[in-house]
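Engineer: Fold the following, please.
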Amino acid sequence: MAESKVAIRYAISFLDTAIEKNILDQVSSDFELIYNSLNKSSDLKRALKSPIIKNDIKVSIFAAIFKDKISNESFSYLNFIISKGRENILADILKKFFFIRDEYLGIANVQITSAFELTSEQKIQLQQKFEAILNKKVKANYVIDEKVIGGFIAKVGDTVYNASVLNQLELLKKQFLHSSVSLN
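Structural biologist: Prediction:
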């Protein structure tokens, strides 16, 4: 829990700096590259979290990988995180940064799970519907799960909109089990 609070503080701090310097788009792009690299490379993650590897070596590893690919501000921020000994929570800081940035920009991230690939038209309709419900711009991530049977399940933060056939069948089952309906 304490690491989560620290990650939020670092994320807010750099978001404020990026907004102030008008470099939010560049920093966001840089951080997405770093975040994706951390997720794809278990070696990089291990090196970053290793207490045996000294901070100056960690900085040089990051310099070799990212120096020519990201802005000076983003690279300085990475160095700052490493110098403060917070590199072990870098992925959490970046996730919090993305979340807070999206909140600032009025963007809602919606994960939509369906039994099959939705058509472009269906995706547009769902996106428009959720933009109207949430009163925010929607960034949708689509997942296929055949257990849904039909319809969709949308997750926005902690809220779940379950419009799946599976859910409807479960509700119908509960209704039959809890009611005293006679068939005569």
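
Engineer: Pull out the buried positions in the top helix by length along the chain.
Structural biologist: The single longest helix within the chain, with elements called by DSSP state H, is helix 2-20. Within helix 2-20, the residues that qualify as buried by neighbour count (16 or more other CB atoms under 10 Å) are V6, A7, I8, Y10, A11, F14, L15, A18. All C-beta spots, glycine's among them, are computed from the backbone N, C-alpha and C.

Engineer: ok, and the closest residue to the third one other than its chain neighbours, which helix or strand is that part of?
Structural biologist: In other words, I8. Excluding the flanking residues, the one nearest I8 by CB to CB, 6 or more residues apart in numbering is K96, at 5.1 Å. Applying DSSP states H and E as the criterion places K96 in helix 90-105.

Engineer: Could you pull up phi and psi at T159?
Structural biologist: Main-chain dihedrals, T159, degrees, to the nearest 10: phi -100, psi 130.

Engineer: From V160, how far out is K136?
Structural biologist: 17 Å (CB to CB, to the nearest Å).

Engineer: Would you mind listing where this protein has pLDDT under the threshold?
Structural biologist: When the per-residue scores of the chain are filtered using pLDDT under 70, the ranges that remain are 1, 180-184.

Engineer: which residues of it fall in strands?
Structural biologist: In chain order, the chain shows strands spanning 107-114, 137-144, 151-156, 159-164, with DSSP state E as the criterion.

Engineer: Can you name the residues that contact L48?
Structural biologist: L38, K58, E87, N88, L90 (CB atoms under 8 Å, 6 or more residues apart in numbering).

Engineer: From the structure, what's the count of residues near the nearest residue to L94 once chain neighbours are set aside?
Structural biologist: By the measure of CB to CB, 6+ apart, the closest residue to L94 outside its immediate chain neighbours is Y35, 4.5 Å from it. For Y35, the count of nearby residues is 17 (other CB atoms under 10 Å).
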